[in-house]
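**Student:** Sequence first, then the predicted structure:
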Amino acid sequence: MGEIGFTPLMENFGRVHAYLIDDGDELTLVDALGKDDGRTIFAALERLGREPYELRRIVMTHAHPTHVKGAAVLKRASGAVVFAPAEEQAIIEGRRPSNHTTWIPRRPYRVLLQQYLLNLQNSLWKIGIRPELINIPPVVVDKPFEQDNEHIGPLITIRTPGHSPGSTSFYWPETKTLFAGDALVTWPRFEMGWQGLTEDYPQNVRSLQRLVTLFEERGWEIRAIASGHGAPRYSQDGLGDLKRLLANGG
């Protein structure tokens, strides 16, 4: 038995974050970072005194390379079950590239390289070139999901497309934590997902508005927002913070 909570794991490229969840019984990983050797996650397991075989689930918020490249090596080492959005299963399994976004520079300009590498990957696939450096080591998605309210370990799915077609957030009721993927970011400031890496920004806004409505209907609170870029954002009224963000245009 472990202590209930989650451990943020970061790689510096765009302050990319993944989250290792201990529900008191099993370990679940939300996203798998961008290094294909999984070194950051293996190091975290060692620091926590845990073994790779204790990782039971790897759960993907979306299929952009900086969030999933570690999944293949982690699955081999742990035998964990991989969950991912059905719309992006083919990307994670190496059967197609991530979708194109835009070549137009968008703030924050410090992540332009991410934006351009994503688009370069898509463009090169069209002419049959698949350089290992910018592609995802393929991993089988054992359990694709495509609906709200699917239960994955301690997490509940909340569909938030826009950043990508399958983008999904997860809510952990016991800790009142929203794992938002890239629908929201906390670095370099708290805002909706970066426009340069978001495939359909208006849809992303609508998804977050729908999320607010869903949380109000269910009486769910948010005390922590764990995003794909930036450290977790803790608040006594995270839902109110999100409502104010939407009211101010993101």
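**Tutor:** Happy to help now that I have it.
**Student:** going forward, measure contacts between C-alpha atoms and count neighbours the same way
**Tutor:** Will do.
**Student:** Strands along the chain, start to end?
**Tutor:** Taking DSSP state E, the strands of the chain run over residues 5-11, 16-22, 27-30, 55-59, 81-85, 143-145, 151-152, 155-159, 168-172, 177-181, 184-185, 191-192, 224-227, 233-234.
**Student:** With mean neighbour count, mean pLDDT and distance to Ile136 added, can I get those strands in TSV?
**Tutor:** Listed next are the strands of the chain as TSV, based on neighbours: other C-alpha atoms under 10 Å; pLDDT from 0 to 100; distance: least, C-alpha to C-alpha, whole Å:
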stretch	mean neighbour count	mean pLDDT	distance to Ile136
strand 5-11	17	97	16
strand 16-22	24	98	16
strand 27-30	25	98	17
strand 55-59	23	98	15
strand 81-85	22	98	14
strand 143-145	17	98	17
strand 151-152	15	98	23
strand 155-159	22	98	23
strand 168-172	26	98	19
strand 177-181	26	98	18
strand 184-185	26	98	22
strand 191-192	19	96	25
strand 224-227	26	98	21
strand 233-234	15	98	29
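**Student:** mind checking which of those strands is nearest Ala71?
**Tutor:** Among the strands of the chain, the nearest to Ala71 by C-alpha to C-alpha is strand 55-59 (7.2 Å).
**Student:** Give me the residues contacting the closest one.
**Tutor:** 26-32, 71, 75, 78-84, 153 (C-alpha atoms under 8 Å, 6 or more residues apart in numbering).
**Student:** That strand - which strands sit beside it in the sheet, and in what orientation?
**Tutor:** Partner strands for strand 55-59, per DSSP bridges, with pairing direction: strand 27-30 (parallel), strand 81-85 (parallel).
**Student:** So for Ser235, which of those strands sits nearest?
**Tutor:** Ser235 sits nearest to strand 27-30 of all these, at 20.7 Å, using C-alpha to C-alpha.
**Student:** ok now that closest one, how far from the chain's centre?
**Tutor:** Distance, stretch centre to chain centre, for strand 27-30: 12 Å (C-alpha atoms, centre = their mean, to the nearest Å).
**Student:** Just the CA trace of that strand, in PDB.
**Tutor:** Output of strand 27-30 as PDB, limited to C-alpha atoms (Å, rounded to 0.1, in the frame of the first residue of the first chain):
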ATOM      1  CA  LEU A  27       0.400   3.000  -9.900                       C
ATOM      2  CA  THR A  28      -1.000   4.800 -12.900                       C
ATOM      3  CA  LEU A  29       1.000   7.000 -15.200                       C
ATOM      4  CA  VAL A  30      -0.700   9.900 -17.100                       C
END
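**Student:** re the thing from before, determine which of the strands paired with strand 55-59 approaches Leu113 most closely.
**Tutor:** Leu113 lies closest, by C-alpha to C-alpha, to one member of the strands paired with strand 55-59: strand 27-30, at 23.6 Å.
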